[in-house]
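> sequence unavailable; structure follows:
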């Protein structure tokens, strides 16, 4: 792509920012819930988000459609209709009372990138597709990435048929029927997206941590998606005992046992993070004794906790798993308590494509937009990557985290991210001036 | 006291065990609550307990009365009516759904000891008094030892007038009026018990820990009553953050900060207990994150905890207080969190009288009853000791702790404890046959 084409594409992205703001505002208004937004997966709210966004895509001259799953698409045709295309997008659902940009920003960016290319008179070498994905958030049906997994054929019918919305208690098929989607069509149709028809997946997403804000940088290229190892409902069973009347050697103190486990695992985390794997993270999101037994004078008999190790390195997750087992066994014996860790769940780390990451960095460099590089958390991109489609991500600066109403992505940063996304799609698709 | 008199006194105690069992059973039935008993302070239930127990005392030929506070008494006159007397007893109230023996055992033992002396034809040198005390448990009006403190004049009217029953919300005077007790009479009457009229206080109480059961011994003589230093509602404030997107150096993790504090304080405890003060105990009865924020993937922003150090040594409590302040300050700075420890409350350790302890050991030895010696927890005896009345305690073996329905004091152990109590009262009062 020539330098004048690049300038024209970036200018077109900028010209479309008022449209993008309007889309964000209309979707926010349609899914407002107290001070945040609520867009359950397969609900009227995420459907309305799709209708608004892909309606705007149609207005920009793009073809649009929806697959049997309910994922929404817009397309800019390429010079070679049979060549594998380039896909970009993110999810339309949100958590309850979450922020408007988590997911939606990436779907809007993809539509804007295609519309800008069209507006700038550029024709890609291959088909470019924008995608609004269903059900990335695990809060609705208990598991994440349902729309993406169905799209690439990475979910079996038996698992699908068991899914029930956690708050409504209704089956996933009932919720789909509300939107006139027939689940049978998913299985009749087969995978919509595959390495055969898609050569790259690019996802723009707001950063969910504070790194870009701290580093005063608008964008990052993600290096990898962390995997994790989680025990959601660990329990330590000791015995309730009188605090002053029970000497140390006879105590079965669940709290002090758990604190030793947590301090041991934190020490392991520091050792790993200072050493071979700076991507390692460790979080105890829940820690609680039984309120019915709360007393200053009672040795606590039961203590609940969760454990969550994250890393881009499988070796780290394996080491954490071994340490959890060994430490809880040792502490349990020494302190006469019993750890019940429950099922270990998690996901494998997902590397992102080195070639695509380089293209994203090069685009940013050409546009003189500063970018950082670091690992990110679970996103739809991991599903496409695991399905064999090279994938990469652009992260946009966002203070105050995600999954809450206080996200503060600036439209100026969104504009820069969308310019990098559009430039990269143009480059790797071999776009040429009309 | 001669050996035949001792034998007769112990035999009389044994003869009265059916009466004691009957008293326990009738009071249990009158205050039954689910599987336990509930005897609130200044309620129909603790009044009924007093009526049953001191009615039995009258049936045994003892004079009985109730003071303005509502504490109940039985008396065996001595040869010298003007000599300071010997007092024994314990409390009649229980916690909600607690056990029948916590407190009540000591009041019954005192009545049985006096009745046995009377029955054995022994006349003490000084007046012996059995006392059923009101409101030892802090669960009813928020503070412990109210009946004993009022009896020795160790509670001012301003503090008294502020007391409100925690569950009913009614004032202490309203609850006393329910029992036809006029609070004004307490202040008109002045302290009922003082060093001038009482030369010793002896309290039998069930053990609230597992030591005697572990040591296969029926009784212990308490060496001291532990004091304590407590923070009932400590909080650590950090920040809620995305678990995987927030690197360690930017985290403000309240849970890992609190676990470091707790492990540091436990290490201090072990050092003190292994070293200069084997009586030291440390308990964290409450530890909890906010359930509204529970998520595997969220760095916890707030963690609540309680701290409770106990010891017979004031130096240990002072050292613990200094360590709590220094550790929380240091950890707060390093981990960018803020500890709010709240008010430190507690009580000073109370030594028990060496002379009375020796008399109790000697009585047990003469009766060939094995006893141990160790420190105990807060009891009414501490109030009499602090008022300048020499005090000592007999602890009776009891599995399964206290403050729950599963107490399992054996009547055979209660009998041995009451024999030691009666023999000691006889000895120190200079009781003589006929």
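Sure, I can see it. Bear in mind the structure is a predicted one, so any value in this text is a computation, not a measurement.
> what average pLDDT does stretch A:349-364 get?
The pLDDT scores in stretch A:349-364 average 97.
> buried set for it?
Within stretch A:349-364, the residues scored as buried using 16 or more other CB atoms under 10 Å in any protein chain shown are A:349-350, A:352-353, A:356-357, A:359-361, A:363-364. Using the backbone N, CA and C atoms, a C-beta is placed for each residue, glycine as well.
> mind putting the residues you listed into JSON lines with secondary structure and distance to residue B:100?
Below are the buried residues of stretch A:349-364 laid out as JSON lines (DSSP: H, G, I helix; E, B strand; the rest coil; distance: CB to CB, whole Å):
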{"residue": "A:349", "secondary structure": "coil", "distance to residue B:100": "60"}
{"residue": "A:350", "secondary structure": "strand", "distance to residue B:100": "62"}
{"residue": "A:352", "secondary structure": "coil", "distance to residue B:100": "68"}
{"residue": "A:353", "secondary structure": "coil", "distance to residue B:100": "72"}
{"residue": "A:356", "secondary structure": "helix", "distance to residue B:100": "74"}
{"residue": "A:357", "secondary structure": "helix", "distance to residue B:100": "72"}
{"residue": "A:359", "secondary structure": "helix", "distance to residue B:100": "79"}
{"residue": "A:360", "secondary structure": "helix", "distance to residue B:100": "74"}
{"residue": "A:361", "secondary structure": "helix", "distance to residue B:100": "76"}
{"residue": "A:363", "secondary structure": "helix", "distance to residue B:100": "79"}
{"residue": "A:364", "secondary structure": "helix", "distance to residue B:100": "77"}
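> closest one to chain B out of those residues, please.
residue A:349 (11.0 Å; CB to the nearest CB).
> which non-adjacent residue is nearest the closest one?
Leaving out its chain neighbours, the residue that sits closest to residue A:349 by CB to CB, 6 or more residues apart in numbering or on different chains is residue A:227, at 3.7 Å.
> one more: residue A:369?
For residue A:369, the closest residue by CB to CB, 6+ apart turns out to be residue A:416, at 5.0 Å.
> the one you found touches residue A:219, doesn't it?
Yes. Using CB atoms under 8 Å, residue A:416 is in contact with residue A:219, at 6.0 Å.
> so for the residue nearest to residue A:369, what's the pLDDT?
98.
> what residues are up against it?
For residue A:416, the contact set (CB atoms under 8 Å, 6 or more residues apart in numbering or on different chains) comprises A:218-219, A:367, A:369, A:396.
> could you do residue A:88 as well?
Residue A:88 neighbours (CB under 8 Å, 6+ apart): A:106, A:109-110, A:113, A:128-131, A:201-204, A:421, A:425.
> tell me which element it is part of?
If you go by DSSP states H and E, residue A:88 is part of strand A:85-91.
> direction included, what does that strand pair against?
Paired strands of strand A:85-91, with direction, are strand A:128-133 (parallel), strand A:198-206 (parallel) (DSSP bridges).
> highest mean neighbour count out of these?
strand A:128-133 (a mean of 28; mean count of other CB atoms under 10 Å in any protein chain shown).
> neighbours of residue A:14, just the number please.
A count of nearby residues for residue A:14, using other CB atoms under 10 Å in any protein chain shown, gives 14.
> let me fix that, I meant to ask about residue A:138.
For residue A:138, using other CB under 10 Å, the count is 17.
> picking that back up, adding neighbour count and secondary structure, write the contacts of residue A:416 out as CSV.
Shown next, in CSV, are those (neighbours: other CB atoms under 10 Å in any protein chain shown; DSSP: H, G, I helix; E, B strand; the rest coil):
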residue, neighbour count, secondary structure
A:218, 24, coil
A:219, 25, strand
A:367, 17, coil
A:369, 19, coil
A:396, 26, strand
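> of those, closest to residue A:14?
Distances from residue A:14 to the contacts of residue A:416, taken as CB to CB, are shortest for residue A:367 (11.5 Å).
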